[in-house]
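Asks: next input, structure requested:
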Amino acid sequence: MATPSRALASPTLKGGPGESASEPQTSRLASVDLLRGTVMIIMALDHTRRFFTGLNFEPEDLAHTWGSLFFTRWITHFCAPVFFLLAGTGAYLMLGRGKSVAEVSRFLWMRGLWLIFLSATVIGYAWTFVFPFVHADVIWALGWCMIAMAAIIRLRLRWIALVGAALILTHNLFDRVPPTAFGNLSGLWMILHRPGPIPIGNHGEFLVAFPLIPWVGVMALGYALGAVLRRQDRRRLLFLTGAALTTAFVILRVFHLYGNSGRDVQAVLGDSAGPWTVQHSLALTVVSFFNTVKFPPSLQFLLMTLGPSLLALAWFDRLQSKRATAGILLVFGRVPLFYYVLHLFFIHTLAVWVALAMHQPAAWLLYGGFMLSPIIPPGYGHGLPFIYAMWMITVLALYFPCRWFMNLKRQHPEYWWLSYL
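Replies: Take a look at the predicted model:
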């Protein structure tokens, strides 16, 4: 049985349970942190838009949207796929820092439970300023996928890659299976594959925004990606794979092929995506082409986002991390959960203070905001230039506490609990 240190250098996908690295590596891969930091910054743009917009429709709604609004939303589509991919990659790279598969497995399920707890408490409150507010958001899904990965990583690496690829490639075959087909287990099917509200009692509901399939597949492929990142020819492999995935997206999309079926269900979470069509303007035709299904992420959506992300990872691998821009990205990339929680509280609080200063409705932001209010109050909201300004203020303000926390983690490796933040 090969050791992880051999698997890290091997051109094939090998490795198995119970193995430990014989040559620990303490250095981090800067390219992974650079890509993660980039999407963390981009993510704040979408959340700033959600808190500051006055529009009562989603940017994907072709009947109302326009180019700049749609692409303000579209660029943030890269965030969730990169989160799940690099979560798997980070788990694999722990093997190269002296951890055994058993230790990484234990870390995954413990961190998964921690993320689920945070989603149901601190993060839910940050979104709404209401407690409790429980819904299946991206952090909730990350937590459950990590728990699943705690078991999956005990397989050989080639099987982990095959499981991940199979989940991503085949899950669209079940798009037309309604939750009602499972009777009393309909809620389970929604958690696994179909987004929407699950009734709780007579009046409550549990909103599933991020079904687990195929996100766990993305995380599994990310774990296998870790082996590629330890190879000497990783840049070439990343470039070729990224280019192939991007090309596959274009082919599937142009010819209306498999992987983004127009589901015969009502629009959920503003998801009106389906086959692209020619619109009355070139800009909206381009919008229609890139408007793929995110809930759950279709094959075309994942090809559209993961392909360019791997190309970016190859480019970041060439970038000198000591450059000023790279240094900023590294700060956010090395404290992602700390930044995530902090940015939600900051943006939400900023929205309240801006509304008060501009004599706009503010009380609704204190009692759920857009998460619980189906309609944004009349007189509230701002245009895209103002939203971009608030986004830049948010990123600048959070850079300093994130840099402090990054240095704290680096200077005190004995504080093991910091790895959960």
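Asks: how many neighbours does Pro178 have?
Replies: Number of residues near Pro178 (other CB atoms under 10 Å) recorded here: 14. Yep, even glycine has a C-beta here, placed from its N, CA and C like the rest.
Asks: per-residue pLDDT, it?
Replies: Turning to Pro178, the model gives it a pLDDT of 91.
Asks: name the nearest residue to the residue nearest to the spatial centre of the chain, ignoring sequence neighbours.
Replies: Centroid-nearest residue in the chain, with CA atoms, centre = their mean: Ala80, separated by 1.5 Å. Computed as CB to CB, 6 or more residues apart in numbering, the closest residue to Ala80 that is not its neighbour in sequence is Val138, at 5.5 Å.
Asks: mind listing what that neighbour touches?
Replies: By CB atoms under 8 Å, 6 or more residues apart in numbering, the residues touching Val138 are Ala80, Phe83, Ala209, Phe210.
Asks: try Phe51
Replies: Counting by CB under 8 Å, 6+ apart, Phe51 has contacts Ile347, His348, Leu350, Ala351, Leu365, Gly369, Phe370.
Asks: gap between it and Ile376?
Replies: Between Phe51 and Ile376 the computed distance is 10 Å (CB to CB, to the nearest Å).
Asks: so where do the helices sit in the stretch 51-200 of the chain?
Replies: Ranges of helices in the stretch 51-200 of the chain, per DSSP state H, counting those that start in this stretch, are 67-74, 79-93, 101-118, 124-128, 138-152, 157-170, 186-192.
Asks: picking that back up, max pairwise distance over the contacts of Val138: which two?
Replies: Phe83 and Ala209 (13.9 Å; CB to CB).
Asks: list the buried residues of the lengthiest helix in the chain.
Replies: Taking DSSP state H as the assignment, the helix of the chain that covers the most residues is helix 384-411. Of the residues in helix 384-411, Ile387, Met390, Trp391, Thr394, Val395, Leu398, Cys402, Arg403, Phe405, Met406, Lys409 count as buried by neighbour count, 16 or more other CB atoms under 10 Å.
Asks: repeat that for stretch 243-250.
Replies: In stretch 243-250, counting by 16+ other CB under 10 Å, buried: Leu245, Thr246, Ala248, Phe249.
Asks: that older thread, among the contacts of Val138, which ones are buried?
Replies: Buried among the contacts of Val138 (16+ other CB under 10 Å): Ala80, Phe83, Ala209, Phe210.
Asks: so where is the protein shaky, pLDDT-wise?
Replies: The chain contains residues with pLDDT under 70 at 1-27, 261-272, 320-322.
Asks: ok, and the closest non-adjacent residue to His63?
Replies: Check again: residue 63 is Ala, not His. Phe57 (7.9 Å).
Asks: what about that neighbour, how many neighbours?
Replies: Neighbours of Phe57 (other CB under 10 Å): 13.
Asks: show me what contacts the closest residue to Gly187 other than its chain neighbours?
Replies: Sequence neighbours aside, Ile198 is the residue nearest to Gly187 in space, at 4.4 Å (criterion: CB to CB, 6+ apart). Ile198 sits next to Gly187, Met190, Ile191, Glu205, Phe206, Leu207, Val208 when contact means CB under 8 Å, 6+ apart.
Asks: what bridges to Ile198?
Replies: Phe206 (DSSP bridges).
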